[in-house]
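K.L.:
Just a sequence and a predicted model for now, questions to come.
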Amino acid sequence: MNILAQQFVRILILTAVIVGLILGLGALGLESIIHDDIWPIVIFSALVGVGVAFVNMYFVKKGSQLGLVNVFLATTAFRMLLSIIFITVIFYLGLENQLVWIGDFFVVYLFYLVFEIYTIMSNLRAISNEGDPQ
């Protein structure tokens, strides 16, 4: 399996874990901390995560290590810009219980951001180890 397919599978697993956490919190009776409209947040975050992962993996495969930091920062900024646009559109369309929605949004956002940072770090570590003499 190539690196892009592996990354896609990892993002699907992360999304499944997040969905499991949401459903688990609901089953525990903690519906007050889960907004009714959390599913668009999860879908949006998963789609942006896949897009960002594909861009990052493309540049990791190219091997230009000087540009990897710039690519990572650019994709992080792009993720943030898309998130601001998404939040603005949702708020413009009208939303009840905005504080809980914002809290849920940023928890999911941080899950995907930490996952992205972990993935980039592990890929950079693997690339740097390839160049080490045995």
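P.N.:
The structure has been received and is ready for your questions. Numbers count the residues shown, from 1 in each chain.
K.L.:
what mean pLDDT would you report for stretch 122-132?
P.N.:
The pLDDT scores in stretch 122-132 average 61.
K.L.:
Same check on stretch 9-16?
P.N.:
Across stretch 9-16, the average pLDDT comes to 87.
K.L.:
before we move on, what about stretch 73-91?
P.N.:
Here the average pLDDT along stretch 73-91 is 91.
K.L.:
Ok, stretch 102-114 next?
P.N.:
Computed over stretch 102-114, the average pLDDT equals 90.
K.L.:
can you give me the offset of that stretch from its chain's centre?
P.N.:
How far stretch 102-114 lies from its chain's middle: 8 Å, per C-alpha atoms, centre = their mean, to the nearest Å.
K.L.:
which residues sit against the host helix or strand of residue 6?
P.N.:
Residue 6 is part of helix 3-27, with elements assigned from DSSP states H and E. Here helix 3-27 makes contact (C-beta atoms under 8 Å, 6 or more residues apart in numbering) with 1, 31, 33-34, 38, 42, 45-46, 49-50, 53-54, 57-58, 60-61, 108, 111-112, 115, 119, 123. From N, CA and C alone the C-beta is placed, and that goes for glycine too.
K.L.:
Repeat the analysis, applying 6 Å as the threshold.
P.N.:
34, 46, 49-50, 53, 57, 111, 115 (C-beta atoms under 6 Å, 6 or more residues apart in numbering).
K.L.:
OK, contacts around the residue positioned nearest the centre of the chain?
P.N.:
Nearest to the mean C-alpha position of the chain, by C-alpha atoms, centre = their mean, lies residue 112 at 2.7 Å. Counting by C-beta under 6 Å, 6+ apart, residue 112 makes contact with 45, 49.
K.L.:
related to what we said a few turns ago, could you pull out the buried residues of the helix holding residue 6?
P.N.:
By neighbour count on 16 or more other C-beta atoms under 10 Å, the buried set for helix 3-27 is 7-8, 11, 14-15, 18, 22.
K.L.:
for stretch 55-71, same thing?
P.N.:
56-57, 59-60, 68, 71.
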